[in-house]
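[1] The sequence and its predicted three-dimensional model are supplied below.
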Amino acid sequence: KKIKMNKPYIRRIIKQSSRQQISRLPLSTLSINQTRNYRIQQNGTMSSFRNQWRPINRHVVRTTEQLRMYSTVKLNYKLTENENGVEDVPLVMIHGLFGNRLNFLTYTANSKQSGGHKKIYSIDLRNHGKSPVGDDMKLTTLAADVLQFLDDHDIKKCHLFGFSLGGRVAMLLALNHGDRFEKLALGDIAPLSYKSWNIPSVLKAMQSVDLSACKSRKEIDAHLIEAGINDQQERIFLTTNIGRTKEEGFFWKIPLDIYEENLTRLSEFPIDEQLAPIEGYESDLTNLKPYTGPTLLIRGELSNYVKDEYIPLIKTMFTECELKTYPGAAHWVHFENPGQFFHDIQSHFIPSYEPMEPAIIH
């Protein structure tokens, strides 16, 4: 005999224990800390996200509305408000892979002192910082998260900055929803699919370190050097993703296994040079046209992410793109030259900005 499963009955079942309550939540509603703690409760180990979780919606989504309804997550963010700001249009900043909203603390502090934007939103992409976990990391999905964030905060038009992976998300948004972005700035990235990049080797190095056996951050740093991460700035950046508890010791705060599963997706840009969607890429890319708003692209002289041969393609997609190259800099342009970076971004977004000595230089 069939029993009608009404909603109050289901709620009573869910409340039987905290473990059951968590296990019935869709993946997109759980923070990284919630999933980590639950996995420890259940297995006593930091087992694979894939083995523990399945998203409740795995069908193909083809429109922006469907992406928002079934796949988007509510992004964590930091809002910096400046009563003395001179720019009413808000600035939204998106970090790169392995980064988080705190990567822009120097910029926001300098902006607050020099009278920049009245509001700056620094966001955490999914699977980064304190944003929820999700097993899909296609650029279109990341972009849909940001678009939903703009809608949730009633941001009709903004200035948009993205570094590296965040720059790819920003470019995709500008090409698909250009009317919502008054100006665009990008940090050392191009709108193409990278066939050869160093992220797989970096990820492998991170996974090779047995954090539970390490007693100090100095020991972790030594292991990363042994694994091939020779750049000190890069090691400092990567280890910002390490947490520690008395019971557990050191642990990665980001789901490295999900990153590994999405390496191919992360390397792809779903648009070819004729502004046409790549065949077979699941997305809503029906409104594509070149972005004609003012665009600034900053690259490092020693970086391979924006080669000279990429520039014609970039200017096809972003017709008003200005390129600046930082001599002697590699990929981390906002870390390696924070003073010049702040001046260039601030001047691009706010023409009335008068250069001054930044208050904070790390």
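    Structure received.

[2] Buried ones in stretch 291-302, by neighbour count?
    Tyr291, Gly293, Pro294, Thr295, Leu296, Leu297, Ile298, Arg299, Gly300 (16 or more other Cβ atoms under 10 Å). Yep, even glycine has a C-beta here, placed from its N, CA and C like the rest.

[3] Tell me, what's the model's pLDDT at the residue nearest to the last one when sequence neighbours are not counted?
    What that stands for is Gly300. Excluding its sequence neighbours, the residue lying closest to Gly300 (Cβ to Cβ, 6 or more residues apart in numbering) is Ala329, at 3.6 Å. pLDDT recorded at Ala329 is 92.

[4] Could you give the secondary structure assignment for Ala329?
    Recorded secondary structure, Ala329: coil (DSSP: H, G, I helix; E, B strand; the rest coil).

[5] Tell me if I'm right that it and Val306 touch.
    No. With contacts counted by Cβ atoms under 8 Å, Ala329 stays clear of Val306, the gap being 11.6 Å.

[6] Any stretches of this protein with poor pLDDT?
    Along the chain, the model assigns pLDDT under 70 to residues 1-70, 273-274, 279-287, 355-362.

[7] at 50 what do you get?
    Scanning the chain for pLDDT under 50 picks out the ranges 1-70, 358-362.

[8] so who does Asp188 touch?
    For Asp188, the contacting residues are Phe163, Ser164, Gly167, Ile298, Arg299, Gly300, Ser303, Tyr305, Val306, His331, Val333, by Cβ atoms under 8 Å, 6 or more residues apart in numbering.

[9] for Ala143, same thing?
    Val169, Leu172, Leu173, Asn176.

[10] can the residues you listed go into a markdown table with extra columns for neighbour count and secondary structure?
    Output for the contacts of Ala143, formatted as a markdown table (neighbours: other Cβ atoms under 10 Å; DSSP: H, G, I helix; E, B strand; the rest coil):
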| residue | neighbour count | secondary structure |
| --- | --- | --- |
| Val169 | 27 | helix |
| Leu172 | 25 | helix |
| Leu173 | 25 | helix |
| Asn176 | 23 | helix |
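
[11] from the residues you listed, which is closest to Val89?
    Ranked by distance to Val89 (Cβ to Cβ), the contacts of Ala143 are led by Leu173 at 15.5 Å.

[12] That closest one touches Pro191, doesn't it?
    No. Using Cβ under 8 Å, Leu173 makes no contact with Pro191, being 11.6 Å away.
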